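Novice: I'd like to go over a predicted model; first the sequence, then the structure.
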Amino acid sequence: MIVSTLVAAACALAAGSAVPWQGRQVAVVMAGGMAALVIPGLDAPGVVIAGVWVLSAMIGTAGLAGRPEAESCRHRALGGIAMTLCLMGGAVSVPGAGVPAQEGHQHGIGFALPLLGAVAVLTMVVWTAAGPHRSASHARTRTLLRGEAWAMTVGLIAMWLGHAI
């Protein structure tokens with residue numbers, strides 16, 4: 001999981017100005033949050049990381065309406081929201097993450113979050129396959145954005161499956 005989010009962040013940063021600052025910060029925040037969850041000894045609370053991911057996703061689309069880069073920034077934002085849903089829905093079990101594993105029969109929000117997480121992951125897969133990178137004008141940039149989108153999506157799938165299997 002962490003390798004894929006680091007690859008996604010590296011691709012977003014390497015794409016330079018083709019990715020607005022809003023998109024770059026989302027990629028870096030997602031990678032940092034994932035690292036905080038899996039690096040032993042950090043004991044980062046999952047609720048705090050989830051909150052940072054949601055805030056980052058909101059900032060990640062600010063002021064981009066009508067710009068060609070907006071689609072890839074919305075894709076990144078959905079990735080951040082999907083990671084939050086997976087984390088808070090118990091789809092990932094990380095020791096010390098501050099989110100208790102859910103067991104037994106679930107009702108209400110305990111059932112809705114994993115379901116919403118699954119829908120968000122499926123949406124990311126379909127959207128990534130459709131190509132949020134099409135607006136890029138240079139082949140190198142398209143390749144970097146494609147790599148970022150797939151790395152983020154693969155990491156999200158790994159995160160979601162982390163507890164489901």
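Specialist: Arrived safely, thanks for sending.
Novice: separation between the residue lying closest to residue 86 once chain neighbours are set aside and residue 82?
Specialist: Once flanking residues are discounted, residue 86 sits nearest to residue 117: 4.4 Å by CB to CB, 6 or more residues apart in numbering. For glycine as for every other residue, the C-beta is placed from the backbone atoms N, C-alpha and C. Residue 117 is 7 Å from residue 82, where distance means CB to CB, to the nearest Å.
Novice: Quick check: neighbours shared by these two?
Specialist: Jointly contacting residue 117 and residue 82 under the rule CB atoms under 8 Å, 6 or more residues apart in numbering are residue 160.
Novice: Report the contact partners of the residue nearest to residue 86.
Specialist: Listed by CB under 8 Å, 6+ apart, the contact partners of residue 117 are 82, 85, 86, 89, 91, 160.
Novice: What sits closest to the fourth one if chain neighbours are left out?
Specialist: Pointing back at residue 89 there. Nearest residue to residue 89, sequence neighbours excluded (CB to CB, 6+ apart): residue 113, at 3.2 Å.
Novice: The residue nearest to residue 69 when sequence neighbours are not counted: neighbouring residues, count only.
Specialist: Excluding its sequence neighbours, the residue lying closest to residue 69 (CB to CB, 6+ apart) is residue 20, at 5.3 Å. Residue 20: 18 surrounding residues under other CB atoms under 10 Å.
Novice: Same question for the top helix by length along the chain: list its buried residues.
Specialist: Secondary structure of the chain per DSSP state H: the longest helix is helix 139-164. Buried residues in helix 139-164, defined by neighbour count with 16 or more other CB atoms under 10 Å: 141-142, 144-160, 163.
Novice: now swap in stretch 15-28 and tell me
Specialist: So stretch 15-28, judged by 16+ other CB under 10 Å, has buried residues 15, 18, 19, 20, 22, 23, 24, 25, 26, 27, 28.
Novice: give the contact list for residue 31.
Specialist: Here residue 31 is in contact with 2, 5, 6, 8, 9 (CB under 8 Å, 6+ apart).
Novice: Secondary structure element holding the fourth one?
Specialist: So the one you mean is residue 8. Using DSSP states H and E, residue 8 maps to helix 2-14.
Novice: now that helix, how far from the centre of its chain.
Specialist: Taking CA atoms, centre = their mean, to the nearest Å, one finds helix 2-14 lying 11 Å from the centre of the chain it belongs to.
Novice: what does that helix rub up against?
Specialist: Contacts for helix 2-14 (CB under 8 Å, 6+ apart): 19, 23-24, 26-28, 30-31, 34-35, 38, 76, 144-145, 147-149, 151-152, 154-155, 158.
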